[in-house]
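[1] next input, structure requested:
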Amino acid sequence: MGRISIPTGINQATRICLQKFAAELDAKKSPTFASITLTGLTATRLVQTDSDKKLSSVTDLTSWIAGTTNQVAVTDDSDGTVTLSLPQDYHTGASPTLAGLTLTEFDGIVTAESGILSASNILDLGTSE
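    Just a heads-up that it's a prediction; the model follows:
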């Protein structure tokens, strides 16, 4: 039977009801609930289990999300959220600085003017006679 201790001295109808309820909460069953409210958790936070397998709210996402040196930084926003960022801007209007660059399967010529690369698809550099 389930993990509910049925008290002695209750009427027969209540005892039968508690026995049915206990049977549904048996450790080998998977009861379904429409909703559950757990007052010990924080709203809009991820849920984790502790070492005793008890539910608790995640207070610091940086313990779940790790950055990578020189690739992705993870910053704790102190409100249950994190911000992910790169070491420099990489959007269409940005001018990132790189120590080196390797282009593979590139067809054309790359030229630099004032440190800015540009490409053209000139396939024949020879002159025709």
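[2] quick one, strands of this protein?
    Taking DSSP state E as the test, the strands found in the chain are 47-49, 55-57, 73-76, 82-85, 109-113, 116-120.
[3] need these in JSON lines (columns: mean neighbour count and distance to residue 9).
    For the C-beta atoms, the positions are set from N, CA and C on the backbone; glycine is no exception. As requested, those are arranged in JSON lines below (neighbours: other CB atoms under 10 Å; distance: least, CB to CB, whole Å):
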{"stretch": "strand 47-49", "mean neighbour count": "11", "distance to residue 9": "37"}
{"stretch": "strand 55-57", "mean neighbour count": "14", "distance to residue 9": "34"}
{"stretch": "strand 73-76", "mean neighbour count": "14", "distance to residue 9": "54"}
{"stretch": "strand 82-85", "mean neighbour count": "12", "distance to residue 9": "54"}
{"stretch": "strand 109-113", "mean neighbour count": "10", "distance to residue 9": "89"}
{"stretch": "strand 116-120", "mean neighbour count": "10", "distance to residue 9": "87"}
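[4] and of these, who's closest to residue 12?
    Taking CB to CB, strand 55-57 is the member of those nearest to residue 12, at 35.8 Å.
[5] give the pairing partners of that closest one; include direction for each.
    strand 47-49 (antiparallel) (DSSP bridges).
[6] list the contacts of residue 40.
    55, 56 (CB atoms under 8 Å, 6 or more residues apart in numbering).
[7] and it, how far from residue 50?
    11 Å (CB to CB, to the nearest Å).
[8] which residues do those two both contact?
    residue 56.
[9] need the pLDDT of residue 15.
    For residue 15, the model assigns a pLDDT of 85.
[10] surely residue 38 touches residue 57?
    No - Residue 38 is not in contact with residue 57 according to CB atoms under 8 Å; the separation is 9.4 Å.
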